[in-house]
Structures are given as structure tokens and as C-alpha cells.
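# Predicted model and sequence below, questions to follow.
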Amino acid sequence: MKYWTLACLLLWGVFFVRHAAAQALVCERATPFGGEVTVGDRGEWRPVVGDQLESGYSFSGDAIVDSGNQVVVFLAQQGEALVFTQGDGVARSRMRLSRATPEFDSHVRKLTASRGSGGEVVVTWQGESPGAAFRFSDGVVEVIPGDDTAMLEVAAPLPYAVMPNFLGDDLIYDPQRVGGLEQLCVPSTNVCVGLLEGEDALLTLCWPEGDQRLALIPDDPDAEGRLFAKVRIALDGKSVYWGLITGAGLWHAHPADLAYFEKPMATGWHRPFNAAWIAQFGYHGYAARNWKKPGALLEYEGTLSTFGFSQGEKRTWKATVGWHEWPCWFEDEEAYVQIGKKISPPGQDMLFYFLERNGETPAQRAAPIDIVRRALGDADTERLLHLDKRKQRPLNRPKSVFNLPTCGTTAKIEEYFKKGKEVEERELVEAVACDLAFYFENMEARLSEFASFAGAARRVCDEAVRREASLAAFVEDIDVTGTLKQIASAADMFDIGALLRPPEKVLGELTELCTREAPGNYGAYLELKAEITQRGGALDSAAAKADLLVRGLLQQAGYRCIDDSHKAQFATALIALATDHLGNPTPWEQVRRK
């Protein structure tokens, strides 16, 4: 297998947000660059004029593409490309692309350049067969594989790599916890965001649907303070796109200070601009004195959840594990967090970063998802974002009487029975009964979706093991069978649902009480109220439990597949299925954003 290596020496620079193709200047240097390549002295550069590009230009020497904020130097004899960024009048080395195999023959390969129909510049290695091509457009570089390009390596110093899940929880890979592995095989979920050393840059890689394989390569698996040195992508014959965002404070790793257990903690870190900033916290009960750093090989206690920072407000929240304080918010641009009995730090460091814009993000600021949209287009980006599935399902029917769940609704109408006004308010109580019926039906429909996921996941597992028998041990190791049984049990409410009377019978008796005045109506109502709220609570808890189990299974697959490419491929399919079933949640499930 032949390789191209894309080495990103990403230490400074600015994100190129103008339309690169419209500003690109193509030059040729007849005398090859020698020794250390710099782009400050342009005395030997000769512009390639527009009509030459329109018909396609073949270089006799080295090629340069100057797109304003970046300069790419293609070294014909070495078969390498060097990338420099330009800011404040200084050009800095950013990237090196070279063949990893020694067969490159400069006598049979040369560089050509052309301008596409949209104005973008395309530079291609030409030989007996087409080589890799590089299309520069709108701040994004597309690497188009040639006949000899099966794999791409992107080298950059990454303290963390993030595989975003815009509907569920991001998978965050930490090179400090690779357990001696020389490479980590991770799910190929179409987008990878590298958090670069210095907390001042985000590298976004994305690719279309296909059978790509992704691996993270540590610089030294056994060294302290190690980083991911490379991201390796098996291309499956499809393009890979990359874009870089730079600027101070684009992400932040903050130590978890357990001295602030159950108290707000000011981190001292200020967001550089308004955006959809997020962080991860763990979900499991613990005491601060018993908290331990997560173990090797990315094994976490409990389930991690991605939370959006709230904007200057804190509120209690009921999602998955009951009531707790929302764990992260901004006050006067400073980040605050709160760790407690139900919310734990994911590790010794908490990560603050962003992937998307919000309504107050400055226009000149780009987010990783902007790069994805420019690269893949609107349709694929909408698919990755799951915008249609982010909206919570309406649990109250249109124009409901009180627009409250079971406890709030039953508390409201209790006053009528207590004062003996149930007959007088018969139409209102009947409407409330219809509202409650809608709530029950909607929650039961959600549980049916979880049951459907359990069945679909079993089929995915069976098919994966049928194709690759070695996966049977991995499926057992992450306890897929046991987790799916728990999800099915929660969906069917085996623990409590069978003990409750059918809702139509209970609600029918509720409306029947309003047809006659009787001294025992209030007592009878209280008994029905208890049944109604018990069913509502059981449904709420079942949905929350199923949600937690699905997200936990997603994480188990994504974090424990890292030692084998077959496991990572299976995890990719399972994560896609789980993510799809997390859509349109009820209010009792984890919501990623505030």
C-alpha cells in the first residue's frame, strides 16, 4: 500500500476565511528550491497567467500557490509540498506533504495546475497515472487521491482528538491514556477535530460517506506528556478535506479541583468570543474523596455527557440521573463549573471547546462545522448535524390546558376536587384527561423506539460477528447483549409497568368522577392521582434509563475498540445506529445544549 504524508506543523497563523480560489496567485520557480525553503524572497518567482491556467499549465520547476493567507510550495524533485501561513507580514511553516514510499521518480512525474469552473486552483502530480491533486477553495483544502494514493497521514501535535457527535456525546481521545498502543483505531464518523498544542488552534478533518478507516498515532506511546503525532486515514478512494482555525483560547484544558465539590468553581478561563462552547462531565454517583483518575485504555467509570455552557444562568436539571445543578456556565465571559455527587469530572482535566457557532458568534469567526459545510456541502452537513432530530418531542398536545407533565397537571385539577367543583369543571377535567392520554401515548412511543433500537443493534451485532468471528469476544467484552437486555427491559417497564392499570381505565374513571357530585370524589381522585403520577414517573424514568444505556453503549464501543481495526469498524456502525435513535428526545433524557 502506498502512502501520502500530510505533516501539519501548526504552531501559529490565522484561519483563511476569504474565498481562496478568487485570490490565488500561481507562480513557478524555474530554479528548484534548495536547502531550507522560505517564501520571503520571491525574486525568482514567475506568475503563471490566467490563460495558461485555463488550458492547464505544466511546470518545468517548482510550483507555488499564494492564496493570500497561505502559500503552498510544491517541490517537484522531492515530491513534497510545504505550506506556509502569512500573518502580520511573517510567513510561517505550517505543513509538509510527502510520499512515505521511496519510489517517487521526478523524471516521470511533474506538476500541473489549472483553474476550475468555480475559480478554484487545482495542483496535480502527473505521471503515467494520475497522482494526488489539491484543490484550494474557500479556506478548505481538498486532497483528491490519485491512483497511487491509498492513505493519508496528517501530522500535528494534538493533546486531544475529538470525534464529534452532534446529537449525542462526543468521543474524546487522550494520548496520555493509550496503554502503550502504537496506534489507536477509532470509529470513522466523518469528522475529526484535533485540539492542537498551545490551545490556539483547531484542525478539522472531514470526509464523505464511505469505508474509510481512521487511526491516531501517538508520538511515543510510553512517554510522559505524549501527544498524538499523526492522524492516518485510509481513503477508500474518496477525498479528504482539512481546514484550520487559529486564535488564542480556542480550547482549554482545566484541572478538576475537587476542593470545590458541590460548590461553583471559577476557572479563570475566559471565552475569546461567543459560540456554542461545550464540556464533558461524568454521570455516576460518587464522593469527592473516592474519585480516582480514569484508568488506562480510555476506560471511564459511568457514562460521560456533553453539556453546553449556559449563558450566565444556572438551573436545576432532570436528565437521566435526576435533579442536579447544570454543571457549566459563563459569568462575565468567565467559565464556571460545578462538580457534585451526580456530576463528576471526566478525568484530571476538563476540556472546554466549541464545534458550532451560535446566534451571537462574530461573523468573522469560523467554527469546525463551517469547514465541514464548505467541504461536504449542505446535505451531508445537515445529515451529520441531525438538525431535524435535535428538537425535543412535544409531550403536551397543542393547546393543552396546563402544558405541564403529570405531576403539575394533577396538582392543578386537585383544587377543583378539593373544593367540590369537579362537576362544574367537567369539560376542563375531560380536556386534562385527553392531555394526560397524549402524554402517556407519546412517552410509550418513545420507549417503543428504544425497544426498536435494541432489536436493530442485535441484528448489527449478529451480522458483524457473522462476517468477522473475532468480534464475538469484543461484543461480549463490552457486554452488548446485557446492555440491550437492560434497554429492552426499560422500554417495556418490566420493573413497574406491569403492576399499573391501563391508562385508559384510570383516565376513564377520572372523567367519570365529574358526572356526579359525591362526598367520596375527592378521596377517589387522590387515589387516581397517585396512579397517574406513578405511571408518569415510571415512563419518565424508563426513558431516562434507556437513554443513559444507549449513550453508554455508544461510548463503550467507541473507547474500547482502539486496539483493533475490525472493532473500530463495528463501533462505527453501532455508533451510527445509536446516534440515530437518540434523536427527538423527551425532556427526561440528556440534552446536549443549554
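Great, that's in hand. Numbers count the residues shown, from 1 in each chain.
# Can you give me the distance of the closest residue to Asn403 other than its chain neighbours to Leu436?
In space, and not counting its chain neighbours, Asn403 is closest to Asn396: 4.9 Å by CB to CB, 6 or more residues apart in numbering. Heads up, the C-betas are built off the backbone N, CA and C, glycines and all. With the distance defined as CB to CB, to the nearest Å, Asn396 ends up 10 Å from Leu436.
# who has more neighbours, those two?
Leu436 (26 against 17; other CB atoms under 10 Å).
# Need the pLDDT of that one.
Taken from the predicted model, the pLDDT recorded for Leu436 is 95.
# so what secondary structure elements neighbour whichever strand or helix holds it?
Using DSSP states H and E, Leu436 falls within helix 426-467. For helix 426-467, the helices and strands in contact under the criterion 3 or more CB pairs under 8 Å, 6 or more residues apart in numbering; DSSP states H and E are helix 406-418, helix 471-477, helix 480-492, helix 503-512, helix 521-560, helix 565-581.
# now it against helix 565-581, angle please.
Following axes from the mean of the first three to the mean of the last three CA atoms, to 10 degrees, one obtains 170 degrees for the angle between helix 426-467 and helix 565-581.
# how close does the residue lying closest to Glu333 once chain neighbours are set aside get to Arg535?
Leaving out its chain neighbours, the residue that sits closest to Glu333 by CB to CB, 6+ apart is His270, at 4.7 Å. If you measure His270 against Arg535 using CB to CB, the figure is 47 Å.
# The two: which is more packed in?
Neighbours per residue (other CB under 10 Å) separate His270 from Arg535, with Arg535 holding more: 24 against 12.
# for the more buried one, what are its contacts?
Contacts here follow CB atoms under 8 Å, 6 or more residues apart in numbering; on that basis Arg535 touches Thr406, Phe440, Leu500, Pro503, Val506.
# Is it correct that the fourth one is in contact with Cys434?
No: using CB atoms under 8 Å, Pro503 is not in contact with Cys434, being 11.7 Å away.
# out of the two, which sits in the busier spot?
The neighbour comparison of Pro503 against Cys434 (other CB under 10 Å) goes to Pro503, with 20 against 15.
# For that one, give its distance to Thr406.
Distance from Pro503 to Thr406, counting by CB to CB: 10 Å.
# Now list whatever residues contact both of those two.
Applying CB under 8 Å, 6+ apart, one finds that Pro503 and Thr406 are jointly contacted by Leu436, Arg535.
# Show me the residue sitting in the middle of the protein in space.
In the chain, the centroid-proximal residue (CA atoms, centre = their mean) is Pro164; its distance is 1.6 Å.
# okay but that residue is in contact with Val193, surely?
Yes: in this structure, Pro164 is within contact of Val193 by CB under 8 Å, at 6.2 Å.
# Find residues that contact each of the two.
With contacts defined as CB under 8 Å, 6+ apart, the residues shared by Pro164 and Val193 are Leu355, Pro368.
# sorry, back to before: which of the helices and strands packed on helix 426-467 sits closest to Asp174?
Go through the helices and strands packed on helix 426-467 one by one with CB to CB and the one that ends up closest to Asp174 is helix 521-560, at 10.0 Å.
# Give the buried residues for that closest one.
Buried residues in helix 521-560, defined by neighbour count with 16 or more other CB atoms under 10 Å: 521-522, 525, 528-529, 531-533, 535-536, 538-560.
# One more: stretch 242-262?
Taking 16+ other CB under 10 Å as the basis for neighbour counts, the residues of stretch 242-262 that come out buried are 242-246, 250-254, 256, 260-261.
# With stretch 234-242 instead?
Of all the residues in stretch 234-242, those buried under the rule 16+ other CB under 10 Å are Ala234, Leu235, Ser239, Val240, Tyr241, Trp242.
# ditto for stretch 270-280
Arg271, Pro272, Phe273, Asn274, Ala275, Ala276, Trp277, Ile278, Ala279, Gln280.
# Next: stretch 339-354.
Residues 339-340, 342-347, 349-354 are the ones in stretch 339-354 that count as buried (16+ other CB under 10 Å).
# swap in stretch 27-36?
For stretch 27-36, the neighbour count (16+ other CB under 10 Å) marks Cys27, Glu28, Arg29, Phe33 as buried.
# which one of those is nearest Asn584?
The nearest member of the buried residues of stretch 27-36 to Asn584, counting by CB to CB, is Cys27 at 53.0 Å.
# Run through the bridge partners of that closest one.
When bridges are taken as DSSP bridges, the partners of Cys27 come out as Pro47, Ile64.
# need the contact list for it.
So, once contact is read as CB under 8 Å, 6+ apart, Cys27 ends up touching Arg42, Trp45, Arg46, Pro47, Val48, Ala63, Ile64, Val65, Asp66.
# Export these as JSON lines, with columns for pLDDT and neighbour count.
Formatted as JSON lines, the entries for the contacts of Cys27 read as follows, by pLDDT from 0 to 100; neighbours: other CB atoms under 10 Å:
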{"residue": "Arg42", "pLDDT": "88", "neighbour count": "13"}
{"residue": "Trp45", "pLDDT": "93", "neighbour count": "17"}
{"residue": "Arg46", "pLDDT": "93", "neighbour count": "12"}
{"residue": "Pro47", "pLDDT": "94", "neighbour count": "12"}
{"residue": "Val48", "pLDDT": "93", "neighbour count": "20"}
{"residue": "Ala63", "pLDDT": "93", "neighbour count": "24"}
{"residue": "Ile64", "pLDDT": "93", "neighbour count": "26"}
{"residue": "Val65", "pLDDT": "88", "neighbour count": "23"}
{"residue": "Asp66", "pLDDT": "87", "neighbour count": "22"}
